[in-house]
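Enquirer: give me a model of this one.
(chains A and B)
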Amino acid sequence: MQASALKAIEVTDLTVAYEEKPVLWDIDLDVPPGVLLAIVGPNGAGKTTLMKAMLGLVRPAAGRVLIYDKPYKVQRRLVGYVPQRESVDWDFPTDVLDVVMMGRYGTLGWIRRPGKRERSLAMQALEKVGMAAYATRQISQLSGGQQQRVFLARALIQDATIYLMDEPFQGVDATTERAIVTLLQELRVTGKTVVVVHHDLQTVEDYFDWVMLLNIRRIASGPVTEAFTSENLRLTYGGRIALMKSSA
Amino acid sequence: MEILTSIIRLDYTLMIVALGSALLGIVSGALGTYAVLRQQSLLGDGISHAALPGIAIAFLITGSKTPLILILGAAIAGWIGTLFILSIVKLTRIKYDTALGLILSTFFGFGLVLHTLIQKSGNANQAGLDTFLFGQAASMLERDVVTMGILGGIAILVMVLFWKEFKLLIFDVGFATSIGLPIRALDILLTSLLVIAIVLGLQTVGAILMSALLVAPAAAARQWTNRLSLMVLLGALFGATAGVGGTIISSTASRIPTGPTIVLCATTVLLLSIAFAPNRGLLWNRFRNQRNKRNLKLLRNKPSNTMAPPARSTLSQSVRMPAGQEEKSV
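Expert: Below you'll find the predicted structure:
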């Protein structure tokens, strides 16, 4: 296919196991630069684990992940990460601006504190996600959708080439979902690669141009028009979902 | 007034003890913030109990009661105990609270056995080792205070130097790993700081009660502020207040032990904070709920509003609240 083309992310023979039980089995995945890719699959399919393996957050039992032909360790500046909203304690004593500026900690280096530059970058990012008015707000006072936007802003100021987002649409309202989709598409237009762990099959065709169907093993991956077929969905989820799709 | 005059006529011993307790309160109050925010408040209890055999072993090996040597022994044992707890959780299917309970009591029991052996050995030098159980602030000497100042100062300095790294580690460890922070090393460093804060308090407050001085000021501080920096400062302030307050109160009458009094002072600060702090305090919540009810016109002019008097006293502070509250629901 695009064998000679540069791959933004290249996953080869990846197997991850928790206590001997495989959660990901022999995964191969090539993500070309500039696509908006959804990873979909049923609960327990290993979507989050795959993303964490890409980020070096879980150690694979076998296989490897390359970011532009090199290990994540040396390429981490190229990658921005949006973890699951529920993965942190939102009662932590800090405000919105401070959380967004955490996106610069990687480039700031040791001991140095975020300053004027980081502050203005953070404000720009908040502007982009429509949260500028909330800069001084305590994070404990945010709604779910607002929390998600703050995490997006934090990833934006990482100024990455590849964005990995774990369930950014989880528990957000329709307005926020639209705002996030617009943002993702803007990112793609500027040439960024965006990988999103996603669970709403109904919106895959509208939001994304690439898709990976995952259930421990890779069922299919590629452009949505090719890979997002009833047959592949049936293989991923079992019979019922395929019916929904064909009747839709 | 009596207390005031007794402060003015502070004698030298009392001043040393008060200074030491204040230092201890500052260090444990500031570092306790991290323990509380990481939801590791009980780890402090584990460390302080696990430190006990270290004191005995340090004494058995060196035969010396120099505070620095005993503190070093305590720190090493506390550290090994923590390492055991974390390893058990990581390598087996035993859960955190079980591992903590197990190591805490095992190390503590081992420490008690060693202390009994030392006492029975008839070593004339052994007297005073058991003070590490409940602490004996009155035995504090100038050199102890100097040791506390240096070690505590180092701990606070490290805390300030790695401020943003620790903050990210506590708030979002996944993101911290993804940007390349050495999580393991930071974790070890942060735990070491906790160990330092705890062993500093063993002589004054003792192994059994030390974790209260770590947790209470920090938990109290959280009630008053939503900013990490302010929480650390308030934790230190509350800790120092408890240290000095406990020392002075226990000095007003004989036979009141200093360490437990310090802990009671810290808990008093915590109770006051839980009751009266704005936004998070119980009274405040009560007041806010009632005001919300009024705003929603669910309260239909019933004269059953018995909580009105205390609510009224906080009215003046509440002026800033409505804006924040209403915006939250936008």
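
Enquirer: closest approach to chain B from chain A, which residue is it?
Expert: A:Gly106 (3.3 Å; Cβ to the nearest Cβ). C-betas here are computed from N, CA, C, even on glycine.

Enquirer: would you confirm that that residue contacts B:Ile179?
Expert: Yes. Taking Cβ atoms under 8 Å as the definition, A:Gly106 is a contact partner of B:Ile179 at 3.3 Å.

Enquirer: so who does A:Leu78 touch?
Expert: By Cβ atoms under 8 Å, 6 or more residues apart in numbering or on different chains, A:Leu78 lies in contact with A:Ile67, A:Tyr68, A:Ala160, A:Thr161, A:Ile162.

Enquirer: per-residue pLDDT, the residue of chain A closest to chain B?
Expert: If you check A:Gly106, the pLDDT there is 90.

Enquirer: swap in B:Leu4?
Expert: For B:Leu4, the predicted pLDDT is 60.

Enquirer: cool, the one 3 residues further on as well?
Expert: In the predicted model, B:Ile7 carries a pLDDT score of 55.

Enquirer: okay, and the closest residue to A:Leu57 other than its chain neighbours sits in which element?
Expert: For A:Leu57, ignoring the flanking residues on the chain, the nearest one in space by Cβ to Cβ, 6 or more residues apart in numbering or on different chains is B:Thr177 at 5.5 Å. Using DSSP states H and E, B:Thr177 maps to helix B:173-178.

Enquirer: chain center to that helix, what's the gap?
Expert: 27 Å (Cα atoms, centre = their mean, to the nearest Å).

Enquirer: can you tell me the SS state at the residue nearest to A:Gly144 when sequence neighbours are not counted?
Expert: Nearest residue to A:Gly144, sequence neighbours excluded (Cβ to Cβ, 6+ apart): A:Gly171, at 4.6 Å. Three-state call for A:Gly171 (DSSP: H, G, I helix; E, B strand; the rest coil): coil.

Enquirer: still on that earlier bit, C-terminal to the helix holding B:Thr177, what's the next element?
Expert: Defined by DSSP H and E, the subsequent element after helix B:173-178 is helix B:183-202.

Enquirer: residues touching that following helix, excluding its own?
Expert: For helix B:183-202, using Cβ under 8 Å, 6+ apart, the contacting residues are B:23-24, B:27-28, B:31-32, B:34-35, B:43-44, B:47-48, B:51, B:55, B:71, B:74-75, B:78-79, B:82, B:132, B:135, B:148, B:151-152, B:154-155, B:158-159, B:162, B:165-166, B:169, B:173, B:176-177, B:210-211, B:213-214.

Enquirer: name the surrounding residues that touch the particular helix or strand that has B:Phe59 in it.
Expert: Using DSSP H and E, the element containing B:Phe59 is helix B:52-62. Here helix B:52-62 makes contact (Cβ under 8 Å, 6+ apart) with B:65, B:69-70, B:72-78, B:107-108, B:110-112, B:114-115, B:117-118, B:126, B:129, B:132-133, B:202, B:207.

Enquirer: filter those residues down to the buried ones.
Expert: Taking 16 or more other Cβ atoms under 10 Å in any protein chain shown as the criterion, what is buried in the contacts of helix B:52-62 is B:69-70, B:72-78, B:107-108, B:110-111, B:114-115, B:118, B:126, B:129, B:132-133, B:202, B:207.

Enquirer: now intersect those residues with the helices, please.
Expert: Cross-referencing these against helices under DSSP state H gives B:69-70, B:72-78, B:107-108, B:110-111, B:114-115, B:118, B:132-133, B:202.

Enquirer: contacting residues around the residue of chain A closest to chain B?
Expert: Here A:Gly106 is in contact with A:Arg76, A:Arg77, A:Gln158, B:Ile179, B:Gly180, B:Leu181 (Cβ under 8 Å, 6+ apart).

Enquirer: burial count for the third one?
Expert: Which is A:Gln158. 26 (other Cβ atoms under 10 Å in any protein chain shown).

Enquirer: cool, and the first one?
Expert: Around A:Arg76 sit 20 other residues, with neighbours defined as other Cβ under 10 Å.

Enquirer: same question for the fifth one.
Expert: Other residues lying near B:Gly180 total 15 when counted by other Cβ under 10 Å.

Enquirer: am I right that it is in contact with A:Val74?
Expert: No. Under the criterion of Cβ under 8 Å, B:Gly180 is not in contact with A:Val74, lying 9.8 Å apart.

Enquirer: rewinding a little: what strand or helix carries the residue of chain A closest to chain B?
Expert: Counting by DSSP H and E, A:Gly106 is found in helix A:105-108.

Enquirer: quick one: buried residues of that helix?
Expert: Applying 16+ other Cβ under 10 Å to helix A:105-108 flags A:Tyr105, A:Gly106, A:Leu108 as buried.

Enquirer: circling back to that earlier point, angles on the backbone of the residue nearest to A:Gly144, please.
Expert: Torsion angles at A:Gly171 (phi, psi; degrees, to the nearest 10) stand at phi 70, psi 30.

Enquirer: next one: A:Ala62
Expert: According to degrees, to the nearest 10, A:Ala62 has phi -160, psi 160.

Enquirer: just list the residues touching the residue positioned nearest the centre of chain A, thanks.
Expert: What sits nearest the mean C-alpha location of chain A, by Cα atoms, centre = their mean, is A:Met165, with 1.7 Å. Counting by Cβ under 8 Å, 6+ apart, A:Met165 makes contact with A:Tyr81, A:Val82, A:Leu152, A:Ala155, A:Val194, A:Val195, A:Val196, A:Val197.

Enquirer: which ones among those residues are found in helices?
Expert: Using DSSP H, the contacts of A:Met165 in helices are A:Leu152, A:Ala155.

Enquirer: of the contacts of A:Met165, list those near chain B.
Expert: A:Tyr81 (Cβ under 8 Å from any Cβ of the partner chain).

Enquirer: who does the residue nearest to the centre of chain A bridge with?
Expert: Partner residues in beta bridges with A:Met165, using DSSP bridges, are A:Val82, A:Val196.

Enquirer: which SSE is A:Ile219 in?
Expert: Counting by DSSP H and E, A:Ile219 is part of strand A:217-223.

Enquirer: scratch that, A:Pro33 is what I was asking about
Expert: A:Pro33 belongs to no helix or strand, assigned by DSSP H and E.

Enquirer: distance check, it against A:Val40.
Expert: 21 Å (Cβ to Cβ, to the nearest Å).

Enquirer: these two: who's more crowded?
Expert: A:Val40 (24 against 15).

Enquirer: now find how far off-centre the helix holding B:Phe59 is within its chain.
Expert: Its chain's C-alpha centre and that of helix B:52-62 lie 24 Å apart, by Cα atoms, centre = their mean.

Enquirer: just the CA atoms of it, as PDB, please.
Expert: The C-alpha trace of helix B:52-62 is given here as PDB (Å, rounded to 0.1, in the frame of the first residue of the first chain):
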ATOM      1  CA  LEU B  52      11.100   1.600  65.100                       C
ATOM      2  CA  PRO B  53      13.300  -1.500  64.600                       C
ATOM      3  CA  GLY B  54      15.800   0.800  62.700                       C
ATOM      4  CA  ILE B  55      16.400   2.800  65.900                       C
ATOM      5  CA  ALA B  56      17.100  -0.400  67.900                       C
ATOM      6  CA  ILE B  57      19.400  -1.800  65.200                       C
ATOM      7  CA  ALA B  58      21.300   1.400  64.900                       C
ATOM      8  CA  PHE B  59      21.800   1.400  68.600                       C
ATOM      9  CA  LEU B  60      22.800  -2.300  68.700                       C
ATOM     10  CA  ILE B  61      25.400  -1.700  65.900                       C
ATOM     11  CA  THR B  62      26.900   1.600  67.100                       C
END
